[in-house]
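Enquirer: okay, predicted coordinates and the sequence, questions at the end:
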Amino acid sequence: MSDDLAELLTAEDAPTAIAIGHDWGSFLANRLYLWHPERVAGLALLNFAYMPPNQTTPFDLDQMNALMEQLFGHPILAYWELLTRATGDVPALLEGNAARLWELLHAARPQPEWMRKLLCERGATEAFLTAGTVDGEAVAGDIKLRDYAGHDGVYWEDFVRRLTDKEAGGIAPALCWYRAMSENATFEVERTLEKEALVLKVPTLFVACPDDAVCRAELIEAPKQEGLLPDLTVVEVGGCGHWGIIYEKAEETAGVIGGFLKERLGFLAPWLNMSPLFNHCMETGVIARTSYKNGSPGLQRQRPGHYRCMISDGLSENCWSRNAFLIWMPRIMTRPTNISVGHNLKFEICSKRSVGVPTTSHMSVRHMNPST
């Protein structure tokens, strides 16, 4: 997938880029650097701290959860036990309980408690989806949702439509991220990286969310202490949960990233808006969604040679765990005054090649399976 992103940069005549990611998008952003460091001028990682490859020991979910329980008091990846289950019934279970899944992700409940109860306790995720129970007690009626996620909104409608889109695979492609990790799909190839290659030598921003029960802010400390982040800036955005850092704290998060771009990389980014809810750029107002190259959606074109885009994590165009990933590509990285000729591209990282979908060099990144 990193190779595909590098190919995309080449196709856009962009020698270097600043990669910005949220959740799994953060993981892919730092993997782009590991495999193509010459293409990355800077990194901004939201929620998901840099997790360098373990080149000696394959990933083991049980061992990881045991370690997390020692560190934090609960197994923060307990929900992975459901998502990586090999019985084949998981996609149908998730798709068949779409309303409960949506409530799990976007309930207007205190964070991080809500996320911890439903994702970080063994069996809790499945119990809530199938029986509507939290801590063993049934939840009566519908659960109040956060303002951006109401059942009368377009994001909920789009969520359901994509869950039921069998041609695109429903939710199954999104689960490939978890399976690829738990099945050690990249273990052998990542072992070939030199130790020095694991050091992120470019300016790196970690936007931590202290109320995220899964993507713990403290996890940045281990790679930091190992000397893998020599040019690290850490900023916390509090008062929100995992998705709130984008949807509820959009302006604050955008300000953090914009400040980092200016202070550490010398660029002004007045266009940056983290919220797909408003679907606009701070600088220019609303822009329409358009098609690009082969007709596939995903880029928002403002005028010839200029693109503006936002980071999202599943509400606007894709499934709930398909990822946010933004590449910011000024044509001349050393001259901030040339920001007007920069390209800003948004990639919906899907996780599976979908039948019948064009996969040109520009858009193939939308349909990659990390296990292959």
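Expert: Everything's here; your move.
Enquirer: C-alpha only now, for contacts and for neighbours.
Expert: Noted.
Enquirer: residues contacting Leu228?
Expert: Shown in contact with Leu228 (C-alpha atoms under 8 Å, 6 or more residues apart in numbering): 198-200.
Enquirer: quick one: which of the residues you listed is nearest Leu8?
Expert: Checking the contacts of Leu228 against Leu8 with C-alpha to C-alpha, the nearest one is Leu200 at 21.5 Å.
Enquirer: list the contacts of the closest one.
Expert: Residues 30, 33-34, 228-231 are the ones in contact with Leu200 under the rule C-alpha under 8 Å, 6+ apart.
Enquirer: compare those and tell me which is most surrounded.
Expert: When neighbours are counted by other C-alpha atoms under 10 Å, Asn30 leads these with 28 neighbours.
Enquirer: next, that residue: phi, psi?
Expert: The phi and psi values for Asn30, taken as degrees, to the nearest 10, are phi -70, psi -30.
Enquirer: so it makes contact with Tyr50?
Expert: Yes - with contact taken as C-alpha atoms under 8 Å, Asn30 and Tyr50 are classed as touching, separated by 7.0 Å.
Enquirer: about what we covered before: out of the contacts of Leu200, which are inside strands?
Expert: Among the contacts of Leu200, none falls in strands (DSSP state E).
Enquirer: quick check: can you list the domain ranges of the protein?
Expert: Per automatic domain parsing, the structural domains of the chain span 2-57+183-367, 61-148.
Enquirer: which secondary structure element contains Met64?
Expert: helix 61-72 (DSSP states H and E).
Enquirer: following that helix, which helix or strand comes up?
Expert: Sequence-wise, the next helix or strand downstream of helix 61-72 (DSSP H and E) is helix 80-83.
Enquirer: what comes into contact with that following helix?
Expert: 61, 90, 122-123, 125-126, 175, 178-179.
Enquirer: for the longest helix along the chain, list the C-alpha coordinates in PDB.
Expert: The helix of greatest length in the chain, counted in residues with DSSP state H as the criterion, is given as helix 250-265. Provided in PDB are the C-alpha atoms of helix 250-265 (Å, rounded to 0.1, in the frame of the first residue of the first chain):
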ATOM      1  CA  ALA A 250     -12.300  20.200  14.100                       C
ATOM      2  CA  GLU A 251     -11.200  23.800  14.500                       C
ATOM      3  CA  GLU A 252      -8.800  23.000  17.400                       C
ATOM      4  CA  THR A 253      -7.300  20.000  15.600                       C
ATOM      5  CA  ALA A 254      -6.900  22.000  12.400                       C
ATOM      6  CA  GLY A 255      -5.200  24.800  14.400                       C
ATOM      7  CA  VAL A 256      -2.800  22.300  15.900                       C
ATOM      8  CA  ILE A 257      -1.900  20.900  12.500                       C
ATOM      9  CA  GLY A 258      -1.700  24.300  10.900                       C
ATOM     10  CA  GLY A 259       0.600  25.500  13.600                       C
ATOM     11  CA  PHE A 260       2.900  22.500  13.200                       C
ATOM     12  CA  LEU A 261       3.100  23.000   9.400                       C
ATOM     13  CA  LYS A 262       4.000  26.700   9.900                       C
ATOM     14  CA  GLU A 263       6.400  26.300  12.800                       C
ATOM     15  CA  ARG A 264       8.200  23.100  11.900                       C
ATOM     16  CA  LEU A 265       7.900  23.000   8.100                       C
END
